[in-house]
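A.B. asks: Turn this into a structure:
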Amino acid sequence: MILSSTIIGKGPVLIILHGLFGESKNWLSIGKVLSDNFEVHLIDQRNHGNSFHHSEHNYVCLSEDLKNYTKQKNINKFSLVGHSMGGKVAMQFGLLYPKQLNKLIIIDIAPKTYDESHMLIFQGLKEVLLNSSSRKEAVEILKNYINNIDVVHFLLKSYYIDETNIPKFKFNLCSLEQNITHVLSCISKNKTFNKMAYFLKGEKSNYITSNDIKDISYLFPLFQIIDIKGAGHWIHFDQKDIFLNTLNNILNNKL
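C.D. replies: The predicted structure follows:
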C-alpha cells in the first residue's frame, strides 16, 4: 500500500511529514512557498488524511511506508522534514536509510519517550463521534476536554459529516488510540545518523529540553538545535516567515 500525497513544484525533492492527528493539507501553504525551488511531496502518513488505515502504527512501519513511497515514485535522494510524530518518523528513517537523505530536519520533537498526556484528547474525540452533528457542536464538546482552542480547531480539521449524516474523522481514531504507546515511545537506538541533523525548537514549547541533548547527540552526533523565537509546538504556524527562512537556509547550505 502506497501513501497518499500532494506533489507540487519542480527541483530537488523535499518530503514533509505531518504530526499526530494531522494531514498533508496542513502543510500546503508552506509547500506552495517551497515549491518555487523544490519538488515538494506533502505526505499523508498511514492512519491519517487520505492514506490507508492499518492496525499497526509504529516508527519502523511508518519508516517502511516512506521507503515504499520513495521506491514507487523513483526517488533516490531527497531532503526530509518531519514535525512532531512526523519528526520521529524522519529520525527513524534517517537511522535506517541514511544514504537516501540530503538534509534531515526535525521540528520540535526529541527521540525520547513522552508521557501519555493524550488520553483526554481521545476521550473528547470519541465523544465528538457519539454526540455531535456539526462542527460547531464538535467544538463545544472538545472544549470540555482541551483548554487550548487552537488545538481544538486543529483536531477538527479532519472532522466531517459523511453522506449518511454520521460524524467521522479522516484519521483512524481507533488505531491511533490502540497504538498511542508506540507513538509516544522513543525511536530505535541501535544505529546512529552520521550526517548533519537539524532540530528546530519552538521557544515556547517544552517538547525539546536541555535534558534531551544526551539522547539527541547519541543518535545524531552531528546535530544543531535552532530556537525559533516566539513559537510554540506548531512552529510553522506560529512563526511561518521565520520558519521558512530557517528552512531555506538549511536547504541551501547557509546554516
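
A.B. asks: Just say helix, strand or coil for the residue of the chain positioned farthest from its centre.
C.D. replies: No residue in the chain sits farther from the centre than Thr164, which is 30.9 Å out by CA atoms, centre = their mean. Put simply, Thr164 is coil when judged by DSSP: H, G, I helix; E, B strand; the rest coil.

A.B. asks: Need phi/psi at it.
C.D. replies: Backbone torsions for Thr164, taken as degrees, to the nearest 10, come to phi -100, psi 20.

A.B. asks: All the strands of the chain, residue numbers only.
C.D. replies: 5-8, 13-17, 39-43, 78-83, 101-107, 159-161, 167-169, 197-202, 223-228 (DSSP state E).

A.B. asks: Run through who's touching stretch 111-122.
C.D. replies: 20, 88, 91, 145-146, 155, 173, 176-177, 180-181, 184-187, 189, 207, 212, 215-216, 219 (CB atoms under 8 Å, 6 or more residues apart in numbering). Yep, even glycine has a C-beta here, placed from its N, CA and C like the rest.

A.B. asks: How far away from the center of its chain is that stretch?
C.D. replies: Averaging C-alpha positions (CA atoms, centre = their mean, to the nearest Å) puts stretch 111-122 15 Å from its chain's average.

A.B. asks: And stretch 47-56, by the same measure?
C.D. replies: Here stretch 47-56 is found 14 Å from its chain centre; the criterion is CA atoms, centre = their mean.

A.B. asks: what does stretch 201-208 give?
C.D. replies: In this view, stretch 201-208 has its centroid 15 Å away from the chain centroid, taken as CA atoms, centre = their mean.

A.B. asks: who's in contact with Val40?
C.D. replies: Residues near Val40 by CB under 8 Å, 6+ apart: Ile7, Ile8, Gly9, Leu14, Ile15, Ile16, Gly31, Leu34.

A.B. asks: For it, list each beta-bridge partner.
C.D. replies: Ile8, Leu14 (DSSP bridges).

A.B. asks: now do Phe169
C.D. replies: With DSSP bridges as the criterion, Phe169 is bridged to Tyr159.

A.B. asks: What is the burial count for it?
C.D. replies: Neighbour count for Phe169, taken as other CB atoms under 10 Å: 19.

A.B. asks: rewinding a little: which of the contacts of stretch 111-122 count as buried?
C.D. replies: 20, 88, 91, 145-146, 155, 173, 176-177, 180, 184-185, 187, 207, 212, 215-216, 219 (16 or more other CB atoms under 10 Å).

A.B. asks: For the closest residue to Val139 other than its chain neighbours, which residues are in contact?
C.D. replies: Closest residue in space to Val139, ignoring its immediate chain neighbours: Val152 at 5.9 Å, by CB to CB, 6 or more residues apart in numbering. Remark: with contacts taken as CB under 8 Å, 6+ apart, Val152 is in contact with Val139, Leu142, Lys143, Ile146.
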